[in-house]
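Engineer: Based on what follows, work out the 3D shape:
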Amino acid sequence: MTTTTLAVLVPLLPFLGAAAGLLLGRTAPGYVRPLAILPTLAAAVIAVVVAARQGGGPAIDASTRLTPTGSVPIDLALHLDGFAVLVAVLVGLVATCVQIYSTAYLRHDPRYPSYAALVSLFTSAMLLVVYSGDLMVLLVGWEVMGICSYFLVGHYWETPEARAASLKAFLVTKLGDVPFLIGLFALAADTGTFRITGILGAVAHGGLDHPTLIALLLLAGVAGKSAQFPLHTWLPDAMAGPTPVSALIHAATMVAAGIYFVARLLPVFAESGAALVVLAVMAAVTMIGSGLAALAQDDIKRVLAYSTIGQLGYMSGALAVGDRGAAVFHLLSHGAFKAVLFLAAGVVIHAAGTNSLTAMSRMGGLAKRIPDAYWTMTVALLALAAIPPFAGFFSKEAILVAAEHTALGERHVAPAAAGWTVLVAGLLAAVLTAAYATRLWLLAFRGRGAEAPDHGRQPVAMTAVLWVLAIPTIGFGLTVGVITDWFDGHSLTPSVTTAVLSTGVGLVGGLVTYGAWRHTTALAARTPAGAVVAHPDAEPALIEAEAMTHHTAGYGDTPGSPDPADPGRLLLGPLHRHAATGFHLDALYATLFVRPVQAAARLVSFLDREVVDTYVRGAGTGARWLGNAVRRAQTGNVQTYLSALLAGSLVLAIAAVVFANINAGS
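Structural biologist: Prediction:
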């Protein structure tokens, strides 16, 4: 087969698997698991073959006219460059691991057939985005992912949290998609095509008339899809869905789509220095804010969610300084270790026999019981903290090197202000990342919370995929000298300056967090049973809740009792209660947007009910009264009709006489 034929099969096979799974889910349940795994696995293998054939050489393009539009045509087009083929391999690998993992994680779930089909459809949509060479076809995959995320995040629809989270994810991402769609149309109007190659060619020849407007409109959609400030608030709440779904969304689909889109069309954004500065500021706020929020979370999945937001901020920062190679490199390495983190967190939850044990302060005795999750999560956290020689170190270094070169004027793609913004924010975020990664490891595996019931050894389907994904987590960064052909020949080698700085500040963040944990552990050990340990700046409601918990037992003495040794509270101080709520952005949005809209809706409802409906009811009542009057006049009695005729004639005669006298007198 030709390379383009194989590439068509990559998104097509998961789509066919999803359709077959939905059709046979009830009538032939025995086929559900093979239909979930085999098409996705085949797509992953074919994606590897396509990547090998493309080999980092010139992009492979193929297209066929989809429909005559009368203006800007829409084509079924493929655009296979080095970035596309590598990202497709990542999507196929992570999706296959998630499908295998889910067979054990959701083996008793009655809605597993629809879940597996939606995961396959989700995978197909992302692969369509990755390979598409036409923006309208890309938009189809973009929106299908939004629908799939709505259903998958709301998988446990019996719980109000899942229902609210799925609706919030859908609405917030759609809020960004509206200007995104307008930006796509404006881009096509300026360049005369939706084809990516045509757009890039037009940009190269100065054919873009409104670069800043188009770039900002497109960035709104990217902020929503890739959970960047200020449209990031949906992602932490999306943890209400099944943990494998979280791994898929955070590692290989959905949130990666926005970053990948900007990387594909980076020359469009590079036409506007103002847009790159906006992107740099957005990335900086996202990196630092999410790092502080992650340091204050107790739910292990919310920590990882804020971590994803921050790492996506790094990728946005790389794009803001005009280096799409560094951005995609970090996207690939992050996809591997973040999938490990979420799937290992799922093993932790599964080990407790419940989907509710996600509070790290209540975990204890897990390191020896789940060694696979313990070791793989340790490796992934080291990669997250950018400790050499793990993959996260090399990919994060590539971003900081690009920012440094831009800040010093050695690269001229973006303004120096964007470079300084990304560099300073990236170093600060490195401290925070190491801090919350260390805190997560200490609380989850070295905590003093109650030990959950032992439900035996975890299924091989769940633990095996952790080791599969741990391989690129450990070794992918070591390929920087080999994969440069897939990254436009751009070097991704770290520099001594940024390597020393970032590793140094990362070690400082980890060691300070460890010291704070030792201090709080010692303080908790000296606290008598029944006493309440809380930071003086803690919220009164939290102190009261802890007091209720310790009314009958001390920390760690009773199942469900939390561990007070939380270094995050000590490190953040008065900032902790604000960071724990995501700096009250949800409350701010509720005040600025939700409540005014609800008030306007209530006003419209009142006007419709009391004003418009009053006129409508009045018109009906008047017609009914008139009908009643006419109906009473039609009695069918001849004598009545004659009497009315005579009375009417008499009235007319009297009126005629009166008018005649009046006229005569005048």
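
Engineer: Show me where the stretch 201-350 of the chain has its helices.
Structural biologist: 211-225, 234-237, 243-251, 255-264, 266-270, 273-294, 300-320, 324-351 (DSSP state H, counting those that start in this stretch).

Engineer: if I look at the residue lying closest to Ala417 once chain neighbours are set aside, how far off is Leu265?
Structural biologist: Distances taken as Cβ to Cβ, 6 or more residues apart in numbering put Val277 closest to Ala417, at 5.7 Å, once the chain neighbours are dropped. The C-beta positions use only the backbone N, C-alpha and C, and glycine is treated the same way. Computed as Cβ to Cβ, to the nearest Å, the Val277 to Leu265 distance reads 18 Å.

Engineer: what does Ile249 give?
Structural biologist: 23 Å.

Engineer: How about His232?
Structural biologist: Taken as Cβ to Cβ, the span from His232 to Leu265 is 21 Å.

Engineer: higher neighbour count, these two?
Structural biologist: More crowded of His232 and Leu265, by other Cβ atoms under 10 Å: His232, with 29 against 20.

Engineer: Gly310 is in contact with the more buried one, correct?
Structural biologist: No - assessed by Cβ atoms under 8 Å, His232 is found out of contact with Gly310, at 9.8 Å.

Engineer: hey, what's in contact with both of these two?
Structural biologist: Thr286, Ser290 (Cβ atoms under 8 Å, 6 or more residues apart in numbering).

Engineer: Next secondary structure after the host helix or strand of Val32?
Structural biologist: Element membership for Val32, per DSSP states H and E: helix 32-54. Reading on from helix 32-54 to the C-terminus, the next helix or strand found by DSSP H and E is strand 60-67.

Engineer: can you state the direction angle for that following strand and helix 32-54?
Structural biologist: 120 degrees (axes from the mean of the first three to the mean of the last three Cα atoms, to 10 degrees).

Engineer: which residues touch the next helix or strand after strand 60-67?
Structural biologist: Once the chain leaves strand 60-67, the next helix or strand it forms, by DSSP H and E, is strand 74-80. By Cβ under 8 Å, 6+ apart, the residues outside strand 74-80 that reach it are 3-4, 7-8, 50, 54, 59-67, 131-134, 136-137, 194-197, 264.

Engineer: returning to that earlier point: for Ala318, see how far away the residue nearest to Ala417 is.
Structural biologist: Distance from Val277 to Ala318, by Cβ to Cβ: 15 Å.

Engineer: between those two, who's got more neighbours?
Structural biologist: The neighbour comparison of Val277 against Ala318 (other Cβ under 10 Å) goes to Ala318, with 33 against 16.

Engineer: CA atoms of stretch 232-249 as CSV?
Structural biologist: This file holds the C-alpha atoms of stretch 232-249, laid out as CSV (Å, rounded to 0.1, in the frame of the first residue of the first chain):
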residue,chain,number,x,y,z
HIS,A,232,-8.8,26.4,31.8
THR,A,233,-11.3,26.0,34.5
TRP,A,234,-13.1,23.0,33.0
LEU,A,235,-10.1,20.6,33.1
PRO,A,236,-9.8,20.1,36.9
ASP,A,237,-13.5,19.4,37.2
ALA,A,238,-13.3,16.9,34.3
MET,A,239,-11.6,14.5,36.8
ALA,A,240,-15.1,13.4,37.7
GLY,A,241,-14.9,11.0,34.7
PRO,A,242,-13.2,7.6,34.7
THR,A,243,-9.5,7.8,35.2
PRO,A,244,-8.6,6.2,31.9
VAL,A,245,-10.5,8.9,30.2
SER,A,246,-8.5,11.5,32.1
ALA,A,247,-5.3,9.8,30.8
LEU,A,248,-6.5,9.9,27.2
ILE,A,249,-7.7,13.5,27.4
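
Engineer: distance between it and the chain's centre?
Structural biologist: Chain-centre distance of stretch 232-249: 7 Å, with Cα atoms, centre = their mean, to the nearest Å.

Engineer: what's the burial count for the nearest residue to Arg33 once chain neighbours are set aside?
Structural biologist: Among residues not flanking Arg33 along the chain, Thr103 sits closest, at 5.3 Å (Cβ to Cβ, 6+ apart). Thr103 has 18 neighbours, counted by other Cβ under 10 Å.

Engineer: about what we covered before: of the contacts of strand 74-80, buried ones?
Structural biologist: Applying 16 or more other Cβ atoms under 10 Å to the contacts of strand 74-80, the neighbour count classes 3, 7-8, 50, 54, 59-60, 62-63, 131-134, 136-137, 194-196, 264 as buried.

Engineer: Over to stretch 101-118 now: how far is its first residue from its last?
Structural biologist: One end of stretch 101-118 sits 15 Å from the other (Cα to Cα, to the nearest Å).

Engineer: Skip ahead from the helix or strand bottoming out on mean pLDDT in the chain and say which helix or strand is next.
Structural biologist: Least confident helix or strand of the chain, by mean pLDDT, DSSP states H and E, is helix 540-549 with a mean of 35. Heading C-terminal from helix 540-549, the first helix or strand you meet, by DSSP H and E, is helix 567-572.

Engineer: May I have that following helix as CSV, with CA atoms only?
Structural biologist: What follows is helix 567-572, C-alpha atoms only, in CSV (Å, rounded to 0.1, in the frame of the first residue of the first chain):
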residue,chain,number,x,y,z
PRO,A,567,3.8,20.6,53.1
GLY,A,568,1.7,22.5,50.6
ARG,A,569,-0.2,24.3,53.4
LEU,A,570,3.1,25.3,55.0
LEU,A,571,4.8,26.4,51.8
LEU,A,572,1.9,28.5,50.5
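
Engineer: That's all I had, so thanks and see you.
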